[in-house]
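Colleague: The following comprises the amino acid sequence and a computationally predicted model.
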Amino acid sequence: MNRVLLDIQAVRPMLGDLLDNRYQVLQVLSTGAFGRTYIAEDTLLPGSPKRIIRHLKPSENYPHLLIFIQQLFGNQTKILETLGQHDQIPELLAFFEDAQGFYLVQEFFTGQLLSNLVTTNQNRSKYWTETQVIQLLREVLDILNFIHAQGIIHCDIKPNNLIKPIDNGKICLLDFGAVQPIYRPDSNTNQQQINFNIQPAGYIPAEQLAYQPQPNSDIYALGMIAIQALTGIHPTQLKIDPDSQEISWKHLAYVSDELANILDKMVRYSYQERYQTAAEVLQSLDKLVNPETLPITPEELTFSSCPIEDLENVIDCPENFLEEIKASLNQTTDKIINAINLKRRIFFRFPVLSPLIVAFIIGTGINSLVIVSGVFYISQPDPAQMRRMEQMVQEPLEQISKKVCDIPFICFWLGK
């Protein structure tokens, strides 16, 4: 590429300006040290489709900066031409230059940024399920597997750079302005454990903060996004163990041990202890397909797999348990009714009792009998089992309800 002298004094493109006699600037997305990013529309195509335009231009007219920008433009062009072949990465559509700088024109994705979909509040109903998180991991890992195979590290994986297309397609990865080549050391070189003595910062692992990014630095960032989706807590607010430097998060989420172990390995402090490739993570996720390790949901966490028929293996249940309970309930109800009838005058001294209050008193007594009889659950059965238990005691409860209606001052509202 020939050396280009830029006009630093030239005014940056403004809203409404036409770039390369084709792209009309609609919006400024971001501004950085080496330029701006715009949303523009292509006025030469039917429907004027929107495009992303990255404008590279230094703020000062220093020779070394100009050379750097020119090299950056050349490298970015080659990288984006290759990476744009993946359907989850914006395609490089054009590039050009003028006196104001260098321009990269990319495909525009319409959808929602992941930063708008990953909650950071305490509303658990908005937290992602394991199924959603696993789908996110699979879709982004597929992208990472591709770009790492091209010898590139993204170095800026975060919710703002991931977008869910409006057509419910796969999540797409944006902004390749911070990419770095993968450093492949000599195979004869002995690699030693490296401790950077730096705490991770949000989605950025320690080695990247020390200017030594690795391919699994991107894996670390993705793991932190998944943890944020499960916990609703931003990575900067998660506690770090001062000794191990590992993230403490599992107590904040509904998560199975299998998925938690995968995420833990994705976000290890030491990159040598993490998954080394995206393919390794995908292989671990594939094992979750086993029915015994399927992702669980918050609703499933409260239920036990112990069937009612097996309760005698857990507790000592009398042989004639149901018959004894029926007799106890009938006897107790008869005593309550007799006591009320015998002391009718005393009852008149009290304000009229609400039927709900009396029913509550009787219910408490019945519950006490059940507890005294030795029947309790070590863990809660599932709803189907609960319905069966209700059917087993339905008959005595119906008998009691009929007797309750014979009690004065309770069912006066029935016209008795």
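Modeller: Structure's in. What do you need?

Colleague: The nearest residue to Leu83 once chain neighbours are set aside: how many residues sit nearby?
Modeller: The shortest distance from Leu83 to any non-neighbouring residue, by CB to CB, 6 or more residues apart in numbering, is to Ile89 (4.9 Å). (Glycine included, C-beta is placed from N, CA and C.) Applying other CB atoms under 10 Å, we find 22 residues neighbouring Ile89.

Colleague: what residues are up against Ile89?
Modeller: Leu83, Ile143, Phe146, Ile147, Cys172, Leu173, Phe176 (CB atoms under 8 Å, 6 or more residues apart in numbering).

Colleague: Look up how far Leu113 lies from the third one.
Modeller: Here the criterion is CB to CB, to the nearest Å. By it, Phe146 lies 21 Å from Leu113.

Colleague: ok, back up a step: nearest to Asn261, of the contacts of Ile89?
Modeller: Relative to Asn261, the closest of the contacts of Ile89 is Ile143; by CB to CB it sits at 23.1 Å.

Colleague: wait, is the closest one part of a strand?
Modeller: No. Counting by DSSP: H, G, I helix; E, B strand; the rest coil, Ile143 is not found in a strand; it is helix.

Colleague: so it makes contact with Phe176?
Modeller: No. If you go by CB atoms under 8 Å, Ile143 and Phe176 don't touch, sitting 11.1 Å apart.

Colleague: and Thr103, what element?
Modeller: Check again: residue 103 is Tyr, not Thr. strand 101-107 (DSSP states H and E).

Colleague: Could you dump the contacts of Ile89 into JSON lines with secondary structure, pLDDT and neighbour count added?
Modeller: Output for those, formatted as JSON lines (DSSP: H, G, I helix; E, B strand; the rest coil; pLDDT from 0 to 100; neighbours: other CB atoms under 10 Å):
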{"residue": "Leu83", "secondary structure": "helix", "pLDDT": "94", "neighbour count": "22"}
{"residue": "Ile143", "secondary structure": "helix", "pLDDT": "97", "neighbour count": "24"}
{"residue": "Phe146", "secondary structure": "helix", "pLDDT": "97", "neighbour count": "18"}
{"residue": "Ile147", "secondary structure": "helix", "pLDDT": "97", "neighbour count": "23"}
{"residue": "Cys172", "secondary structure": "strand", "pLDDT": "95", "neighbour count": "21"}
{"residue": "Leu173", "secondary structure": "strand", "pLDDT": "96", "neighbour count": "24"}
{"residue": "Phe176", "secondary structure": "coil", "pLDDT": "90", "neighbour count": "23"}
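
Colleague: In CSV, list those residues along with distance to Lys50.
Modeller: Formatted as CSV, those follow (distance: CB to CB, whole Å):
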residue, distance to Lys50
Leu83, 20
Ile143, 22
Phe146, 25
Ile147, 24
Cys172, 15
Leu173, 18
Phe176, 19
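
Colleague: Which single one of those is nearest to Gln100?
Modeller: Phe176 (21.8 Å).

Colleague: For that closest one, give its distance to Pro215.
Modeller: The gap separating Phe176 from Pro215 is 15 Å, by CB to CB.

Colleague: And for Lys126?
Modeller: On the measure of CB to CB, Lys126 and Pro215 end up 32 Å apart.

Colleague: For those two, indicate the residue with more neighbours.
Modeller: Between Lys126 and Pro215, counting by other CB under 10 Å, Pro215 is the more crowded of the two (24 against 13).

Colleague: contacting residues around the more buried one?
Modeller: Contacts here follow CB under 8 Å, 6+ apart; on that basis Pro215 touches Leu144, His148, Ile153, Ile182, Gln276, Thr277, Ala278.

Colleague: How about it, nearest residue that isn't a chain neighbour?
Modeller: Using CB to CB, 6+ apart, the nearest residue to Pro215 is His148, at 4.6 Å.

Colleague: can I get the CA coordinates of the helix or strand that contains that neighbour in CSV?
Modeller: With secondary structure defined by DSSP H and E, His148 is part of helix 130-149. Taking Å, rounded to 0.1, in the frame of the first residue of the first chain, the C-alpha atoms of helix 130-149 are listed here in CSV:
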residue,chain,number,x,y,z
GLU,A,130,-29.2,-23.4,31.6
THR,A,131,-30.7,-24.3,28.2
GLN,A,132,-30.4,-20.7,27.1
VAL,A,133,-26.8,-20.4,28.4
ILE,A,134,-25.7,-23.6,26.8
GLN,A,135,-27.1,-22.3,23.5
LEU,A,136,-25.3,-19.0,23.9
LEU,A,137,-22.0,-20.9,24.6
ARG,A,138,-22.4,-23.1,21.6
GLU,A,139,-23.1,-20.3,19.2
VAL,A,140,-20.3,-18.1,20.3
LEU,A,141,-17.8,-21.0,20.7
ASP,A,142,-18.5,-21.9,17.1
ILE,A,143,-17.3,-18.3,16.1
LEU,A,144,-14.3,-18.5,18.4
ASN,A,145,-13.3,-21.9,17.0
PHE,A,146,-13.3,-20.3,13.5
ILE,A,147,-11.4,-17.1,14.3
HIS,A,148,-8.8,-18.9,16.4
ALA,A,149,-8.2,-21.2,13.5
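
Colleague: Packing partners of it?
Modeller: strand 172-173, helix 215-231, helix 257-266, helix 278-286 (3 or more CB pairs under 8 Å, 6 or more residues apart in numbering; DSSP states H and E).

Colleague: Let me know which of these is the nearest to Asp20.
Modeller: Comparing these by CB to CB, strand 172-173 comes nearest, at 25.0 Å.

Colleague: which sections of the stretch 1-150 of the chain are below the confidence cut-off?
Modeller: 1-12, 120-125 (pLDDT under 70).
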